[in-house]
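Peer 1: Predicted model, plus sequence, below.
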Amino acid sequence: MSEEKQNCLSGFRKQIRSKVEAQHRADEISVFRRELALLQQEQVLVLTHEQQTDVARYHEKVLRYLAAVFDIDATTKEKQLTLGLAITASLGTLALAAGVFFFYSQYWGGLPTSTQVQILAGAPFLGLLCTTVTAMIRRSAPLARLPAVITWLCFVLNVFFLGRIYNCFPAVSFMAAYAAFAFILAYAVTSRLLLAAGIISASCFLAALAMMWRGWYWIGFYEHPEHFFTAALLFFLLSLIPHRSSSGFSSAYRICALLLFFLPVLVLSSWGEISDLKLPVEHIETIYQLVGFIGSGLFIAAGIFAGWNETVNTGYVFFTFFLFIKCYDWWWDWMPRYQFFLAIGAVAILIFMGLKLLRYLVLQQNHQRLSYK
Amino acid sequence: MTRRTLLLLLAACILLVGVNYSIFLHVKSNRKGQPKARLWLTERELPMLRNPGFEEAGLRLELHWRVLGHEAAEDRHGTPFWLTGEKLRRLGFSVDPLSADRQRENLRPEKRPVYIVFEQNGPAFKEAVRRAGQLSAEENTPAQDNSDDRSGRASRLAAYKRVELEERSLSRLFAVDAGTHPEELEKFYSNSSQYFILPGVVQVQVRKEDGRTVVSGFIDSIHLSSIHVPLKFRSAIESLVTRHSQSSRQLQTPRYAVLLSCGQDWEPWIEAVGPVAD
């Protein structure tokens, strides 16, 4: 009997690969325990004493294993404390990053060039060493994100200030280096902040490359929003790759991809003159307004279908943005202010009612499906 | 710590080494051998740049350069007389001979990376002084001289001050040419104590002038607008500036001179600092 249980546990160990999955499993156990207690109280399901003991023992083993390997929070109190830790760590990261930046800007001029170069080149290595040591200590592994972020910042300052000291001309390859370093550190310590830094750097690099291919000066890449669409597509495709051991990365990729797509569309729908399309400005703006409306609608639908909450939410945000911009274009100039805001309120209520109807229809459909079964 | 984490941190370490090595290699190759240009610039061309937010962040010298326009010397935002249709075409801009309105519609304000030739204290500067002198002379013609009104006197004074500024205070560094291949420019401007080349950006502009559309270019920016001053030269510059302090009402004359060298990739560095020779 005990061998059987041991096998059960080893099978379950293979299924759990990340902290998020472990936490999810612990939460499921907690919900199951509450529901079982209720069912027994209502006399719907009555387990024998032996069965109850077996289940409780198995769950204890599972929770002990998850707590030891993934450092999960088994109770609500633990969860609250972990949230406090995360907030403190984030604030600490920001404070340390600001400290490093202001150190460079405050005392920099008073140091000889050789010392400057030693500090610049040495700081990221020191940061990397701190990250490695923190990651090696099992229970403080999540804290490794803090030195990792500082390390990335030191690396950016390293490249930037070396370029300033030696009067180097700006090069597009440095952005690729920032991106590569951020991605490596992000995957090493499972940091979404570093992943976002990597995505931003890589998007700027791709947009700058597009500029160079056209024979234009690459630093002006931000003046051509359409060049960000390639990065949006790339990161959306990357989000489809399962990231089981890097929890939250798929949704982070999706959010960034949507921002890289919708922000340029939003800009181009109002300022068509900066587009690369060889069409009259009014046509360009109309095209991008349509792309914005249809695109956000499609992403909301895709998000609901695939169960991507972040895609649905981002889609809603941009749909609302496009709608209000359009309302502004149509009504702001010829309506009195109070009428404009009343109209906006009416539109918001109409959308609310539409969504409510949609929710009702989905619920009806689910009820029908359940009654057929 | 998992094996994957360890491998990734190792990769990060390799990347760090690689990037730093490539920067130092680049700096070394730039400064190897005889510099491509070696010239003395003064405070007129390289005034001190201080970022008010970062007082202690070090000293950088800002490269002040000008262009010679069709009528007079202009600041760096001006339109150089040599940056016209044919030159723009050779720099890669599509300046087709279209009708005025179509041209205005079709010509996008695109920017192109180019190499710009800078001339220190050369014919362009002499021409700027000559034009300022000519303007002053025109203002002082007997007919103008007799005019007793206040605006006439003010414009004569301004013209006189302009000559003085040109001769003693304004930058003598002029952007005189641009091309897409630095090697060709190097051959043409071979005097290394007077000319140097820096990469920059040229932008086209389309404007209406007397009812017709004029297409011209201007230098949008250069890739290196300021130069780092190492600590050993910083104290020398600061002591020269303190010794010859000037009030803001005075004509700002140069107090220090800097020997600037440009390496194989045209990236400059300061080699020496000294007082301005009389």
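Peer 2: Nice, I can see it.
Peer 1: Going by contacts, tell me the helices and strands next to the host helix or strand of A:Ile87.
Peer 2: When elements are assigned from DSSP states H and E, A:Ile87 belongs to helix A:76-107. Helix A:76-107 makes packing contacts with helix A:145-165 when contacts are defined by 3 or more CB pairs under 8 Å, 6 or more residues apart in numbering or on different chains; DSSP states H and E. C-beta: built from backbone N, CA, C; applies to glycine.
Peer 1: Quick check: next helix or strand after the helix it packs on?
Peer 2: Immediately after helix A:145-165, counting by DSSP H and E, sits helix A:173-189.
Peer 1: does any bit of that next one sit next to chain B?
Peer 2: Yes: counting by CB under 8 Å from any CB of the partner chain, chain B has neighbours in helix A:173-189: A:Ala177, A:Ala180, A:Phe181, A:Ile184, A:Leu185, A:Tyr187, A:Ala188, A:Val189.
Peer 1: so which strand or helix has the residue nearest to the fourth one when sequence neighbours are not counted?
Peer 2: With CB to CB, 6 or more residues apart in numbering or on different chains as the criterion, A:Ile184 has its nearest non-adjacent residue at 4.6 Å, and that residue is B:Ala12. Counting by DSSP H and E, the element that carries B:Ala12 is helix B:3-31.
Peer 1: hey, where'd the helices end up in chain B?
Peer 2: Here chain B has its helices, by DSSP state H, at B:3-31, B:85-90, B:100-106, B:123-139, B:142-146, B:150-168, B:182-188, B:231-243.
Peer 1: can you dump the C-alpha coordinates of the last one into PDB?
Peer 2: What it means is helix B:231-243. Only the C-alpha atoms of helix B:231-243 are listed here, as PDB (Å, rounded to 0.1, in the frame of the first residue of the first chain):
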ATOM      1  CA  LEU B 231      40.300  63.900 -15.600                       C
ATOM      2  CA  LYS B 232      43.900  64.900 -16.300                       C
ATOM      3  CA  PHE B 233      42.800  67.500 -18.900                       C
ATOM      4  CA  ARG B 234      39.800  68.600 -17.000                       C
ATOM      5  CA  SER B 235      41.800  70.400 -14.300                       C
ATOM      6  CA  ALA B 236      43.900  72.100 -17.000                       C
ATOM      7  CA  ILE B 237      40.900  73.400 -18.800                       C
ATOM      8  CA  GLU B 238      39.200  74.500 -15.500                       C
ATOM      9  CA  SER B 239      42.300  76.400 -14.300                       C
ATOM     10  CA  LEU B 240      42.600  78.200 -17.700                       C
ATOM     11  CA  VAL B 241      39.000  79.200 -17.500                       C
ATOM     12  CA  THR B 242      39.300  80.400 -13.900                       C
ATOM     13  CA  ARG B 243      42.400  82.400 -14.700                       C
END
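Peer 1: Which elements pack onto that helix?
Peer 2: Helix B:231-243 sits against strand B:59-62, strand B:256-262, strand B:268-275, with contacts defined as 3+ CB pairs under 8 Å, 6+ apart.
Peer 1: Pull the residues that contact the first one.
Peer 2: Yep, that's strand B:59-62 we're talking about. For strand B:59-62, contacts defined as CB atoms under 8 Å, 6 or more residues apart in numbering or on different chains pick out A:109, A:164, B:46-50, B:225-229, B:234, B:237-238, B:258, B:270.
Peer 1: buried stuff in it?
Peer 2: B:Leu59, B:Arg60, B:Leu61 (16 or more other CB atoms under 10 Å in any protein chain shown).
Peer 1: now, which of these sits nearest chain A?
Peer 2: Chain A lies nearest to B:Leu59 out of the buried residues of strand B:59-62, by CB to the nearest CB, at 6.4 Å.
Peer 1: about what we covered before: wait, which of the residues of helix A:173-189 next to chain B is closest to A:Lys79?
Peer 2: Closest to A:Lys79 out of the residues of helix A:173-189 next to chain B is A:Val189 (21.3 Å), distances taken as CB to CB.
Peer 1: Verify the stated contact: that closest one with A:Leu128.
Peer 2: No: using CB atoms under 8 Å, A:Val189 is not in contact with A:Leu128; the gap is 11.0 Å.
Peer 1: Quick check: residues of the stretch 1-150 of chain B near chain A?
Peer 2: Along the stretch 1-150 of chain B, the residues adjacent to chain A under the rule CB under 8 Å from any CB are B:1, B:4-6, B:8-9, B:11-13, B:15-16, B:19-20, B:23, B:26-27, B:30, B:53-54, B:56-60, B:92, B:110-113.
Peer 1: Now a ChimeraX select for only the buried ones of these.
Peer 2: Only the buried entries of the residues of the stretch 1-150 of chain B next to chain A go into this ChimeraX selection, using 16+ other CB under 10 Å:
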select /B:1,5,8,9,11,12,13,15,16,19,20,23,26,27,30,57,58,59,60,110,111,112,113
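Peer 1: OK, contacts around B:Pro275?
Peer 2: Contacts of B:Pro275 by CB under 8 Å, 6+ apart are B:Leu240, B:Arg255, B:Tyr256, B:Ala257.
Peer 1: okay, the second one: pLDDT?
Peer 2: Translated: B:Arg255. Per-residue pLDDT puts B:Arg255 at 89.
Peer 1: Would you mind measuring from it to B:Trp40?
Peer 2: From B:Arg255 across to B:Trp40, the span is 14 Å (CB to CB, to the nearest Å).
Peer 1: what does A:Leu143 give?
Peer 2: 55 Å.
Peer 1: rewinding a little: so which of the helices and strands packed on helix B:231-243 is the most packed in?
Peer 2: Highest mean neighbour count among these (mean count of other CB atoms under 10 Å in any protein chain shown): strand B:256-262, with a mean of 21.
Peer 1: and it with helix B:3-31, angle?
Peer 2: Using axes from the mean of the first three to the mean of the last three CA atoms, to 10 degrees, the direction of strand B:256-262 lies 110 degrees away from that of helix B:3-31.
Peer 1: where does the chain have its least confident helix or strand?
Peer 2: Picked chain A for this. Lowest by mean pLDDT, DSSP states H and E among the helices and strands of chain A is helix A:2-15, with a mean of 57.
Peer 1: actually it's chain B I care about, not the one you picked
Peer 2: Lowest on mean pLDDT, DSSP H and E among the helices and strands of chain B sits helix B:100-106, with a mean of 52.
Peer 1: quick one: low-confidence ranges for the chain?
Peer 2: The chain I'm using is chain A. Scanning chain A for pLDDT under 70 picks out A:1-15, A:17, A:138-142, A:370-373.
Peer 1: that answer is for a different chain, and I need it for chain B
Peer 2: Chain B contains residues with pLDDT under 70 at B:1, B:50-57, B:96-109, B:141-150, B:278.
Peer 1: Most proximal residue of it with respect to chain A?
Peer 2: Counting by CB to the nearest CB, chain B gets nearest chain A through B:Gly58, at 3.2 Å.
Peer 1: what separates that residue from A:Pro170, distance-wise?
Peer 2: Distance of B:Gly58 to A:Pro170, computed by CB to CB: 19 Å.
Peer 1: now do A:Ala252
Peer 2: Distance, A:Ala252 to A:Pro170, using CB to CB: 28 Å.
Peer 1: of these two, who's got more company?
Peer 2: Counted by other CB atoms under 10 Å in any protein chain shown, A:Ala252 and A:Pro170 do not tie: A:Ala252 has more neighbours, with 22 against 14.
Peer 1: burial measure for the closest residue to chain B within chain A, as a count.
Peer 2: Closest residue of chain A to chain B, CB to the nearest CB: A:Gly109 (3.2 Å). Residues lying near A:Gly109 (other CB under 10 Å) number 18.
Peer 1: Kindly report the same for A:Phe228.
Peer 2: Neighbourhood size, A:Phe228 [other CB under 10 Å]: 23.
Peer 1: List the residues that contact it.
Peer 2: A:Phe228 makes contact with A:Ser203, A:Leu206, A:Ala207, A:Leu260, A:Phe261, A:Leu263, A:Pro264, according to CB under 8 Å, 6+ apart.
Peer 1: what about the longest helix in chain A?
Peer 2: Longest helix in chain A by number of residues (criterion: DSSP H): helix A:337-372.
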